[in-house]
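> For reference, the sequence and a predicted model appear below.
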Amino acid sequence: MKKPKIICVTGGKGGTGKTMVAVNLAIMFKNRGLKVLLIDGDVENPNTYLLLNSKLENKTEVHYFLPKIVEDKCNKCGLCAENCATHALLHIKDSIPIPISTVCSGCKLCYKICPTNAIEADLKVIGWIYTSSAFNIDLLVGELKPSEARSAIIVKALMEKLDKITITEDNKYNVVILDTAPGTHCDVEELISQADLVITVTEPTRFGKLDLIRIIELINLLKKEYKAIVNRSSLLGYKDKFLLDLEENSIDILGDIPLDEDIVRSYCQGIPLMENSRKSDKNGAGYESFNQIFENLMEWGDL
Amino acid sequence: MTYKVKRKKIAVISGKGGVGKTSLVASLASITDKDTDNKIIVLDCDVDAPNLALILPPKSEKDVTITNTYTTKKARFLDEKCVQCKQCYDDHFCEFSALKWDENNNIPIIDYLACEGCGACKVLCPEAAFEINPVKSGEILSYMANIGFPLIYGKTQLGSTTSGLLVSEVKERSTELKEFDNTNFVLIDGPPGIGCPVIATVSGLDYIIAITEPTPSGLHDLQRAIEMVNQFNIPFGIVINKADLKSASQKQLNKYIKKSNYEILGRINFDLSIPEAMSYAKPVVDYAPESVASQAIKKIYTKLMHVLSEL
Amino acid sequence: MIKIAIPTYGSGGLNEVMNRRFGRCDTFTFVTIENNHISEVKSVENHARGESGGVGIQATQIVGNHKANEVIVDFLGPNAADSLNALKIKIYHTPSVELTVKELIDLRLSEKLQLMTSGNVGAHQGMKQGKESRR
């Protein structure tokens, strides 16, 4: 079984261009003849398919566990409530425990310890997973249901789907690209932990740097290899100073992408800059820098 | 002209990251501070990646109070109690994939980062070979900002799964300040997204400012943020950043706003003063008071005060 | 017969002032009313007040285990509200702060209190670990 190379695109700071970079990297791998899967792990606000103008299909529900008490089996012993770490089962003496869904962690301990097997799984919808495809790349998109809190559950479901594909459809993909949410929350952590390589997309500002250092702390905790891409590098003329600053902090740089109106145009059009059929200006600053980044990536990832 | 507002709690959210929450909060805070009729407390609830302190630093570094929080729990394996029955692994005690098996030593290993501290392993192990302990979940920093108002922010300990609790703790701290009773409003810089930490931020608030930009993801993420806010029945207004950006989404955004009849607090046209101000770590209304952006934000402030006084 | 639970400071009782926070009060004062008169008053320590989580639910368990069918509160978090509603315990809201248990019971008996159906504060707003000073 040949496992695909998994590349995670993250960044810490929001709005640095992670999704734009992830999408264009996916396109460039495809251009090289590789089979690509792009996973949208920013499940609170999935955007990959918007940048590709593609339709979401095959909507499947993702569920989370809540306990349901089967009343005629319950002996009211309260063992479930007593052992529930989050007090998600309300128990009054000699009565049937009542699940309080908002604090349930989904640990299923109650389900496992009930002496009369009176607890069943009440599966609630927390979100959905869709498939999509565009420009010869496949997408898996996760979406959290607004008002639900635990996005990591959908991210885990996405990764389980990937595992399944890897096992049952050998060699279906050569490269898998994971697009994460901003921040350092557990949904981002989950994706970084599954990656072979991590790319952090930042911007040449002190805000970009602060969040970059924070995400690198997380990446180091997860013992992963990473390199940075500085997007909008020509912003305010700080590029050289910023790149030097990163190097002095021992942060390896995969490349930088200057401000380029064509990138903004492609973003709004829903056709990635590096997609051949778009006929982007191959001498454009953005286009050239993406090519350079891709070559560096191919070398780094041994692809 | 000022409108009297009493102890209103408002947050700026966006759904999409990077559309200008922190920048707007910094400027609104500065304007409010200069408005002698209004006293403000500012919070940064983007606890996974707090940035506001860069633009609104403390008056004095030595007056920053730092408190550690311990709301995260993690499991610890007790080697001496283990009889190596392997039941924990075989019977899948852990629903969070945090319990792995060390083949070499024939004992379980806890994946610290994945562990959610639910305590199932502790209860289910027949030898009680696991214990659950509180661990540092983050820090709360509190200080008087150099501009002149109290600022509190939270920062999660990486790997803690309790961002929501830290957000709530930051909000709670604001009510403990001696300035709280006299404050006119609490202004919160919210996290990106619509999940756990954002929900904890908006919970119990009086008003939300949803900021967006006319791009496909800006519009899409705004709609989701509004869907989430509507679940909590909190009134809100929209601010459009980079409002004159030429894009197909411009039309879609206008259509959406017209159809939904949502309140527009204001529009800020594209203005390089904003990234410039950020690079100098200053609120744009202080860095470039006559700029297009500053004028727009001042108008937003006036409208906001009017809206809040009518709540 | 109705039994009303009121979160109180200190050791509770009819003359004690109501505690603004349901989950983190020091005590619950239970007042039993029969034929429009107070027939019994009992105070119980709130063991849940120092816990780090699920306080609203645990406090509700105390109230439920003592068979109260109504509560009178000031601030109520969403978990406590959900739990009280699940047990069908009626929730009344105090019209002002610093009222004693006796004053609140009088207001309740003259039907001057409003019912609440959901929490009125955000989650975790009582997280000071039970060490509260009176305002």
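Alright, I've got the coordinates.
> do you know how far the closest residue to residue B:127 other than its chain neighbours is from residue A:187?
Closest residue to residue B:127 apart from its sequence neighbours, by C-beta to C-beta, 6 or more residues apart in numbering or on different chains: residue B:81 at 4.9 Å. Where you see a C-beta, it was placed from the backbone N, CA and C, and this is true even at glycine. Counting by C-beta to C-beta, to the nearest Å, the gap from residue B:81 to residue A:187 is 34 Å.
> Tell me which of those two has more neighbours.
Regarding residue B:81 and residue A:187, a neighbour count based on other C-beta atoms under 10 Å in any protein chain shown identifies residue A:187 as having more, with 27 against 12.
> Correct me if wrong: the more buried one contacts residue A:180.
Yes - look at residue A:187 against residue A:180 with C-beta atoms under 8 Å: they come within range, at 7.4 Å.
> any residues in contact with both of these two?
Listed contacts common to residue A:187 and residue A:180 are residue A:41; contacts here mean C-beta atoms under 8 Å, 6 or more residues apart in numbering or on different chains.
> residues of stretch B:86-95 that come out buried?
Residues of stretch B:86-95 classed as buried: B:88, B:89, B:93, B:94, B:95 (neighbour count, 16 or more other C-beta atoms under 10 Å in any protein chain shown).
> of these, closest to residue A:118?
Nearest to residue A:118, judged by C-beta to C-beta, of the buried residues of stretch B:86-95 is residue B:95 at 19.2 Å.
> which residue packs closest to whatever residue of chain A ends up closest to chain C, ignoring adjacent ones?
Residue nearest to chain C within chain A (C-beta to the nearest C-beta): residue A:87, separated by 2.8 Å. Closest residue to residue A:87 apart from its sequence neighbours, by C-beta to C-beta, 6+ apart: residue C:54 at 2.8 Å.
> can you pull the contacts of the one you found?
By C-beta under 8 Å, 6+ apart, the neighbours of residue C:54 are A:86, A:87, A:88, A:103, C:79.
> Quick check: bridge partners of residue B:186?
Beta bridges link residue B:186 to residue B:9, residue B:41, judged by DSSP bridges.
> tell me the phi and psi of whatever residue of the stretch 101-250 of chain B ends up closest to chain C?
Using C-beta to the nearest C-beta, the closest approach of the stretch 101-250 of chain B to chain C is made by residue B:204 at 2.5 Å. Dihedral pair for residue B:204: phi 80, psi 10, per degrees, to the nearest 10.
> And for it, the neighbour number?
When neighbours are defined as other C-beta under 10 Å, residue B:204 has 21 of them.
> how about the residues of the stretch 1-150 of chain A near chain B?
Counting by C-beta under 8 Å from any C-beta of the partner chain, the stretch 1-150 of chain A comes close to chain B at A:12-16, A:19, A:44-45, A:47, A:50-51, A:65, A:83, A:85-86, A:105-109, A:112-113, A:144, A:146-150.
> Using just helix, strand and coil, how would you label residue B:38?
Following DSSP: H, G, I helix; E, B strand; the rest coil, the label given to residue B:38 is coil.
> Just confirm residue A:197 contacts residue A:8, I think it does.
Yes - using C-beta under 8 Å, residue A:197 is in contact with residue A:8, at 7.2 Å.
> Give me the common contacts of these two.
Overlap of the contact sets of residue A:197 and residue A:8 (by C-beta under 8 Å, 6+ apart) consists of residue A:224.
> Those two - which one has more neighbours?
residue A:8 (28 against 19).
> State the helix or strand in which that one lies.
Per DSSP states H and E: residue A:8 is located in strand A:5-10.
> what pairs with that strand, and is each one parallel or antiparallel?
Counting by DSSP bridges, strand A:5-10 is paired with strand A:175-179 (parallel), strand A:197-202 (parallel).
> Nothing else from me, thank you.
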